[in-house]
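Peer 1: everything below, folded, please.
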Amino acid sequence: MTPDSEQPGTPVQEQAAKTPPKRKAGVPVWRTGKPDAFLAAAVDTARAAVEGITPAATVGAHLAAKSEGDRLVTHLFESRLPGYAGWQWYAVLTRNSRSKVVTVNELGLLPSEDSILAPEWVPWAERVRPEDQQQEEDQQQESEADSGEAAAPEAARPAADGQETAEAAEDSTDDAGTQPGA
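Peer 2: Got it, this is the predicted structure:
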């Protein structure tokens with residue numbers, strides 16, 4: 001480092017202060033501007049449009065209004081739809097130049113960053129509680145008891161469609177090894 005860069009008010013520090021913050025990769029410059037004030041204020045229009053595709057009870061609080069371009073704003077609402085925790089309802093609004101008429105372009109439900117990511121991994125030994133192990137052992141004992149009852153001996157089962165089982169055929173033979181009536 002040079003001695004000039006260490007002192008406050010030097011040209012190097014002033015240049016760093018004037019440098020705009022880095023934008024996210026893949027986001028076009030025209031999408032990072034301020035939202036159209038008229039469209040950003042049209043929260044009620046966006047909510048009514050979303051409520052046209054889902055019950056009002058599943059639409060939560062207004063989360064944000066993002067600029068998607070010149071006279072194009074996306075409104076985000078919290079989702080209260082069961083099974084969609086962390087998801088967001090969206091409504092894309094637009095208007096013509098110098099017009100005060102709001103047009104709804106698109107509606108839908110999107111996952112947020114929170115809903116896409118899996119929860120942090122927890123080792124098996126830490127996530128299994130003693131009562132979980134006891135329940136598993138109880139279930140195994142019940143299934144073994146059920147399977148023992150289901151596997152009844154063949155002699156106790158009735159013959160299907162009048163056919164004799166091998167044991168019944170042996171019982172019907174006489175001591176000479178011949179079947180009666182033969």
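
Peer 1: buried stuff in the host helix or strand of Q139?
Peer 2: Under the criterion of DSSP states H and E, Q139 resides in helix 130-150. Across helix 130-150, burial judged by 16 or more other Cβ atoms under 10 Å covers no residue at all. Quick note: C-beta positions are derived from backbone N, CA and C, even for glycine.

Peer 1: quick one: average confidence on that helix?
Peer 2: Mean pLDDT, computed over helix 130-150, is 76.

Peer 1: residues touching stretch 52-70, excluding its own?
Peer 2: 30-36, 39-40, 43, 46-47, 50-51, 73-81, 88-89, 92, 107, 109 (Cβ atoms under 8 Å, 6 or more residues apart in numbering).

Peer 1: for the helix or strand T74 falls within, list the C-alpha coordinates in CSV.
Peer 2: In the assignment (DSSP H and E), T74 maps to strand 72-79. C-alpha atoms of strand 72-79 as CSV (Å, rounded to 0.1, in the frame of the first residue of the first chain):
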residue,chain,number,x,y,z
LEU,A,72,-43.3,-3.1,-15.2
VAL,A,73,-43.6,-4.0,-11.5
THR,A,74,-43.9,-7.4,-9.6
HIS,A,75,-45.8,-7.4,-6.3
LEU,A,76,-45.1,-10.2,-3.9
PHE,A,77,-47.5,-11.4,-1.2
GLU,A,78,-46.9,-14.0,1.5
SER,A,79,-48.5,-17.4,0.8
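
Peer 1: that one - what's its average pLDDT?
Peer 2: 94.

Peer 1: so which elements touch the following helix or strand past it?
Peer 2: Toward the C-terminal end, the helix or strand that comes next after strand 72-79 (DSSP H and E) is strand 87-94. On a contact count with 3 or more Cβ pairs under 8 Å, 6 or more residues apart in numbering; DSSP states H and E, strand 87-94 meets helix 43-51, strand 59-69, strand 72-79, strand 103-111.

Peer 1: most tightly surrounded among these?
Peer 2: strand 72-79 (a mean of 22; mean count of other Cβ atoms under 10 Å).
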